[in-house]
Each structure stands twice: as structure tokens, then as C-alpha cells.
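Undergrad: Got a sequence here, can you model it:
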Amino acid sequence: MEKLLIRRAHPSEAAAISALILDLAPFMTIAPDGAGAEEFLASLGPTPVGLLLADPEFRYFSAWIGTQLAGVVALRGPAHLYHLFVARPWHGQGLGRRLWDFARAELGAQQSITVNASAHAHGFYRRLGFADSGPRTEVRGIAFIPMLLRQ
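TA: So this is what the prediction gives:
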């Protein structure tokens, strides 16, 4: 893997971040074609992502390998992992773990960190030390498991 650069995301990257996340939608939606998740998918479009990038409640970071956007990680508030996505070409190469390590350092000494894990990412978060904190929830065409990491 070429050198990885993780830095604060810029609002001009909203379209690229949106495209990366929407490409991974089948890993988040209940129906493989996204049926029933239209409202959720619309919330991941370039304009809504741009608004999140400008919102002081969120901290977005983009991961670059050369000139390619390889991943994104976002934090909401003091201790919620809001997004962690790796572009398909870099799946299985440790980039998700590197994004998590970066996010964890950004979170500092938080005693508890939360995430809403897709069923696809559930095992990944368990390997990081997260534990289920609630039942699987299905809403707006997506399914997730609330998880908690206590430090």
C-alpha cells in the first residue's frame, strides 16, 4: 500500500465522500437494492454530507492513498463514531483498523465510545473491543446494532 495520509476533510470533498459511502450502501441496507432505504440514502448525498462537514458537532477525516480517497472516518460529539468507511479497493488491507486508531487518538481519554454498527461491520467492531449495547434495530431500510467500547 502506498503512503496513507489521514487529514481533516474539506467541504470540497463532500461529493467524493458521498460517492465512497453510497458505493458501500449494499453493506448497510436491508434490501440489497436499497429498497426502503431511500430517505437514508438521500441523507448520504453530497449536499447533506457537505452540511455535516461544516457542522461543528462533527469531525470528518479523509484518508488518501496517493490521489485516491481510500476511506473516511467521522466523529460526532465527544464520543460517537459516526462513520467509518473504506473504499472497496482497500477492503481487507488494514485500512479500517488504521482509521479506527486515528479516530481513537482524536477521541482522547473518553471513557466510553459508541457506534451503530451495520450487520456487515459488527464483527470488525467486536474485534476492536466494542460490545453490543442494545438489540439489532431496523429503521428506514437499514439495520444496525448499537455498540459500546468502555476504556
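
Undergrad: can you give me the end-to-end distance of stretch 76-84?
TA: Criterion CA to CA, to the nearest Å; first-to-last residue distance in stretch 76-84 is 12 Å.

Undergrad: can you give me the mean pLDDT across that stretch?
TA: What stretch 76-84 shows for mean pLDDT is 96.

Undergrad: Looking at stretch 13-28 now, give me its mean pLDDT.
TA: For stretch 13-28, mean pLDDT rounds to 97.

Undergrad: Kindly export that stretch (C-alpha atoms) in CSV.
TA: Presented in CSV, the C-alpha positions along stretch 13-28 are these (Å, rounded to 0.1, in the frame of the first residue of the first chain):
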residue,chain,number,x,y,z
GLU,A,13,-14.6,16.7,-0.7
ALA,A,14,-18.3,16.2,0.1
ALA,A,15,-19.1,14.7,-3.3
ALA,A,16,-16.2,12.3,-3.2
ILE,A,17,-17.0,11.2,0.4
SER,A,18,-20.7,10.8,-0.5
ALA,A,19,-19.8,8.6,-3.5
LEU,A,20,-17.5,6.5,-1.4
ILE,A,21,-20.2,5.9,1.2
LEU,A,22,-23.0,5.3,-1.3
ASP,A,23,-20.9,2.7,-3.1
LEU,A,24,-21.0,0.8,0.1
ALA,A,25,-24.8,1.1,0.7
PRO,A,26,-25.5,-2.6,0.0
PHE,A,27,-23.5,-3.3,3.2
MET,A,28,-25.8,-1.1,5.2
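
Undergrad: Can you list the buried residues in that stretch?
TA: 13, 14, 16, 17, 18, 20, 21, 22, 24, 25, 28 (16 or more other CB atoms under 10 Å). All C-beta atoms are positioned from the backbone trio N, CA, C, and that covers glycine.

Undergrad: Please, where are all the helices along this structure?
TA: For the chain, helices defined by DSSP state H occupy the ranges 14-23, 38-42, 46-54, 95-107, 122-127.
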